[in-house]
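In: from the sequence below, what's the structure:
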Amino acid sequence: MLKKNNFLIPEVINKESFKPFGDLIEKPLDSSRSDFVVNLQKSDKVKNQSVSVIRLEFSREPISIGILERHLHTSQTFFPLDVRKYLIVVAPDKLNQPDEDRIKAFIVPGTIGINYYLGTWHSPLQVLDKSGTFAILMYLFNSDLDQQWSKIEKVLIKIN
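Out: You can find the predicted model right below:
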């Protein structure tokens, strides 16, 4: 965890640094098509897919994260529809809890979608600069057993 003056310093996201947590889906910058091998995952207990759309108000600084979530039965893919940039916070697992010593924050441009692998600890999305809209692709598991929440020691994140 990269800290400065007790603030977690976010990195600009790239495929290598995000690979332990998921995949990046980059929008083509010209008028071509881009195909991606994305690891959409689900347990055997999940059958139906869901597409949702959410609108989030932009987050004011300093941003504070005190809880992380994960899904044990489905990966979760976020496609920015109207977003300039956003913040994600992730952590590897350590004994069925987020490893707080290895939390990472990433700034993601609105031209990149993210796919969290099954079981990845992550914070709710934080939209930067202006309010934004995302489409979410995931499988549905009709039980509270898919989504787990874990309180963590509050992490402060400064963007600039």
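In: specify the beta-bridge partners of E26.
Out: Applying DSSP bridges to E26 gives these bridge partners: I112.
In: wait, it sits on T111?
Out: Yes - with contact defined as CB atoms under 8 Å, E26 reaches T111; the gap is 6.6 Å. Heads up, the C-betas are built off the backbone N, CA and C, glycines and all.
In: next structured bit after the helix or strand of the chain with the lowest mean pLDDT?
Out: Within the chain, no helix or strand scores below strand 3-4, which has a mean of 60 by mean pLDDT, DSSP states H and E. Note on strand 3-4: by DSSP states H and E, the next helix or strand toward the C-terminus is strand 7-8.
In: quick one: mean pLDDT over that next one.
Out: If you average the pLDDT over strand 7-8, you get 88.
In: just how off-centre is that strand within its chain?
Out: 18 Å (CA atoms, centre = their mean, to the nearest Å).
In: elements contacting that strand?
Out: strand 147-157 (3 or more CB pairs under 8 Å, 6 or more residues apart in numbering; DSSP states H and E).
In: dump the strand it packs on to CSV, restricted to CA.
Out: Coordinates of the C-alpha atoms in strand 147-157 are reproduced here as CSV (Å, rounded to 0.1, in the frame of the first residue of the first chain):
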residue,chain,number,x,y,z
GLN,A,147,-22.2,-10.8,-1.5
GLN,A,148,-20.0,-10.5,1.6
TRP,A,149,-19.1,-7.2,3.3
SER,A,150,-16.1,-6.5,5.5
LYS,A,151,-15.4,-3.4,7.6
ILE,A,152,-11.9,-2.3,7.3
GLU,A,153,-9.8,0.4,9.1
LYS,A,154,-10.8,3.6,7.4
VAL,A,155,-8.6,4.5,4.4
LEU,A,156,-8.3,8.1,3.2
ILE,A,157,-7.6,8.6,-0.5
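In: outside of that strand, which residues touch it?
Out: 6-10, 61-72, 87, 89, 91, 97-98, 100, 103, 105, 121, 126 (CB atoms under 8 Å, 6 or more residues apart in numbering).
In: tell me how far E16 lies from I88.
Out: Distance, E16 to I88, using CB to CB, to the nearest Å: 16 Å.
In: for P10, that is, sorry about that
Out: Taking CB to CB, one finds P10 at 9 Å from I88.
In: helix/strand/coil for S17?
Out: Per DSSP: H, G, I helix; E, B strand; the rest coil, the secondary structure class of S17 is helix.
In: check contacts around the closest residue to it other than its chain neighbours.
Out: Spatial nearest neighbour of S17, excluding adjacent residues (CB to CB, 6 or more residues apart in numbering): E11 at 6.1 Å. Going by CB under 8 Å, 6+ apart, E11 touches L2, S17, K104, A105, F106, I107.
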